[in-house]
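S.K.: have a look at this prediction, sequence included:
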Amino acid sequence: MRPTQAPFPATRLRRTRQSPAIRDMVAENTLTAADLIWPVFVRDGEGVEEPVPSMPGVLRRSVDRVVEAAREAADLGIPAICLFPYTSPDQRTADCAEAWNPDNLSNRATRAIKAAVPGLAVMTDVALDPYSDTGHDGFVEEGRIVNDATVEALVRQALAQAEAGVDIIGPSDMMDGRIGAIRRALEGGGHQDVMIMSYAAKYASAFYGPFRDAVGASDALKGDKKTYQMNPANTDEALRLIERDLREGADMVMVKPGMPYLDICRRVKDGFGAPTFAYQVSGEYAMIMAAAQQGWIDEERAMLESLMCFKRAGCDGVLSYFAPALARHLS
């Protein structure tokens, strides 16, 4: 039971809000750079920094410039960077073979980062959509996304990433059984220390649009992803997915998107106590930035408030395109 408070005026709750020093002293949650994972887009070329029009301030970077971003992250105290490839159309095929090419963009970038900034953790995405001519996360047969054949391909992709030196595998595909299959393959391949952060509760959301622009999947996508991503109406299903993925060998779990699903974050953390992350996705970022550019909201304050909500909801960390801006602010 909560302790009984003395009645006013003996209790004046404004006393603990009267100055910045006092407010900081009694703050229930804090944000640090160590709470952040920075998603970064990598593309072919050299010396390339290409703006993503629907995500103000976000760039597609060539591998050499991704290495510079990794150095910046390490200098700012950000512990991890997450790589997403912008694959050229001629490398998007029905068999998705580029996904497990040892020299694909993601694997080249991983090796380059680990050589230059070995102390920075590298996370990678496991899904077929950056490599598919349909834009789907799995193989499509007769209009259906097939599960088991996709899982076999995801295992090959995850092993190629582990061989490149990745620290955290991030399966974002939402196929059934993929966490167990990837974990068994990693153990059998001598990669027992590679972690899995499962996109365990990934919703079929309208907030992914700018991301699909950033990785070049918008034009390729045929249909929608509602047969494998979650129905936004469901919460209990999310808990079943979290429990399944933890039982299959996930080390950490993720809720995606973030701000529209804070109730899921809280239920996951309270229910399982596992390391819980949220992804503040491209649409969330783009809305804040667009409103700030119009002068309708204060960009810095909105950034801070939006990221604090994840800590308040029980998250251990958050993937956010604001990561370097927040880290600079905190420093």
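M.R.: In hand now; what should we look at?
S.K.: can you map out the strands along the stretch 151-300 of the chain?
M.R.: Counting by DSSP state E, counting those that start in this stretch, the stretch 151-300 of the chain has these strands, from start to end: 168-171, 195-202, 252-256, 276-280.
S.K.: next, the angle strand 252-256 makes with the longest one.
M.R.: What that stands for is strand 195-202. With axes from the mean of the first three to the mean of the last three C-alpha atoms, to 10 degrees applied, the angle from strand 195-202 to strand 252-256 works out at 30 degrees.
S.K.: helices or strands up against strand 195-202?
M.R.: strand 168-171, helix 178-188, helix 236-248, strand 252-256 (3 or more C-beta pairs under 8 Å, 6 or more residues apart in numbering; DSSP states H and E). C-beta: built from backbone N, CA, C; applies to glycine.
S.K.: quick one on the thing from earlier: out of the strands of the stretch 151-300 of the chain, nearest to Glu141?
M.R.: strand 168-171 (20.7 Å; C-beta to C-beta).
S.K.: partners of that closest one, with directions?
M.R.: If you go by DSSP bridges, strand 168-171 pairs up with strand 121-126 (parallel), strand 195-202 (parallel).
S.K.: just the buried positions in the helix or strand of the chain with the lowest mean pLDDT, please.
M.R.: Ranking every helix and strand in the chain by mean pLDDT, DSSP states H and E puts helix 209-214 at the bottom, with a mean of 78. For helix 209-214, the buried set under the neighbour-count rule, 16 or more other C-beta atoms under 10 Å, comprises 210-214.
S.K.: circling back to that earlier point, could you export the helices and strands packed on strand 195-202 as CSV, including mean neighbour count?
M.R.: Output for the helices and strands packed on strand 195-202, formatted as CSV (neighbours: other C-beta atoms under 10 Å):
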stretch, mean neighbour count
strand 168-171, 25
helix 178-188, 19
helix 236-248, 17
strand 252-256, 26
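S.K.: those: which one's closest to Ala278?
M.R.: Nearest to Ala278, of these and by C-beta to C-beta, is strand 252-256 at 4.9 Å.
S.K.: run me through the strand neighbours of that closest one, direction for each.
M.R.: Partners of strand 252-256 in the sheet, by DSSP bridges, are strand 195-202 (parallel), strand 276-280 (parallel).
S.K.: residue contacts, the closest residue to Pro102 other than its chain neighbours?
M.R.: Excluding its sequence neighbours, the residue lying closest to Pro102 (C-beta to C-beta, 6 or more residues apart in numbering) is Ala160, at 5.6 Å. Counting by C-beta atoms under 8 Å, 6 or more residues apart in numbering, Ala160 makes contact with 99-102, 104, 107.
S.K.: select, from these, the two members most distant in space.
M.R.: Largest separation among the contacts of Ala160 by C-beta to C-beta: Ala99 and Pro102, giving 11.1 Å.
S.K.: looking at the two, which has the bigger crowd around it?
M.R.: Taking other C-beta atoms under 10 Å, Ala99 and Pro102 do not tie; Ala99 has more neighbours (26 against 12).
S.K.: what kind of secondary structure is the more buried one in?
M.R.: helix (DSSP: H, G, I helix; E, B strand; the rest coil).
S.K.: check contacts around it.
M.R.: Ala99 sits in contact with 128, 130-131, 153, 156-157, 160, where contact means C-beta under 8 Å, 6+ apart.
S.K.: could you dump the residues you listed to CSV with pLDDT and distance to Gly190?
M.R.: Below are the contacts of Ala99 laid out as CSV (pLDDT from 0 to 100; distance: C-beta to C-beta, whole Å):
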residue, pLDDT, distance to Gly190
Leu128, 94, 25
Pro130, 92, 26
Tyr131, 93, 25
Ala153, 97, 21
Arg156, 98, 16
Gln157, 98, 17
Ala160, 98, 14
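S.K.: now, the most widely separated pair of those?
M.R.: Pro130 and Arg156 (14.7 Å).
S.K.: who has more neighbours, the two?
M.R.: Neighbours were counted for Pro130 and for Arg156 using other C-beta under 10 Å; Pro130 has more, 24 against 14.
S.K.: how many residues are close by Pro232?
M.R.: 14.
S.K.: how near is it to Leu239?
M.R.: Pro232 sits 15 Å away from Leu239, going by C-beta to C-beta, to the nearest Å.
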